[in-house]
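# build the 3D model from these lines:
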Amino acid sequence: MTADEITLTGLTVFGRHGVFEHERRDGQDFTIDLTLRVPLAGAAASDDVTDTVHYGELADRAAAIVAGEPVNLIETLAQRIADAALEDARVEHVTVTVHKPHAPIAQTFTDVSVTVRRGRA
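Numbers count the residues shown, from 1 in each chain. Sure thing, here's the model as predicted:
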């Protein structure tokens, strides 16, 4: 397994996820962090974006998932984003964190998040 990584931090997208009706009706911002473990030596040598995972396209795919079909749990949202990242055969492992800083929690808090780590079998 390679030690090379691509990291995308702080992708903020409006979505309508949650178990409560008001969360789906009103929506809120979700913030996504992604780390891909992917071999980068080929891309570094060729200096060609087609030899790496295009992080702009990955950001678009993750944003479409967050803005798309609502789910109850951010665990499900994180899994869907991880699955999308692993569709690129070069990705050996992905870590996805979904932040829900406006979760309906009665206590004062800064953030709540779920992190999933997925890799190839």
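
# so residue 33 touches residue 12, yeah?
No - the pair residue 33 / residue 12 is not scored as a contact, 10.6 Å apart, by Cβ atoms under 8 Å. Placement of C-beta: from N, CA and C, glycine included.

# which one's more surrounded, these two?
residue 33 (17 against 12; other Cβ atoms under 10 Å).

# buried ones in the helix or strand hosting that one?
When elements are defined using DSSP states H and E, residue 33 is found to belong to strand 28-37. By neighbour count, with 16 or more other Cβ atoms under 10 Å as the criterion, the buried positions of strand 28-37 are 28, 30-37.

# distance of residue 8 from residue 45?
Look at residue 8 and residue 45: by Cβ to Cβ, to the nearest Å, they are 23 Å apart.

# who's more crowded, the two?
Applying other Cβ under 10 Å to residue 8 and residue 45 shows that residue 8 carries more neighbours, namely 18 against 9.

# that one pairs with what?
For residue 8, the beta-bridge assignment (DSSP bridges) gives partners residue 34.

# could you give the separation of the helix or strand harbouring residue 43 from the chain centroid?
Using DSSP H and E, residue 43 sits in helix 41-46. Between the centre of helix 41-46 and the centre of its host chain there is 25 Å, according to Cα atoms, centre = their mean, to the nearest Å.

# ok, now stretch 47-62?
Offset of stretch 47-62 from its chain centre (Cα atoms, centre = their mean): 14 Å.

# okay, residue 113 and residue 21: tell me how far apart.
23 Å.

# more neighbours: these two, which one.
Here residue 113 and residue 21 are set side by side on neighbour count (other Cβ under 10 Å), and the busier one is residue 113, at 16 against 8.
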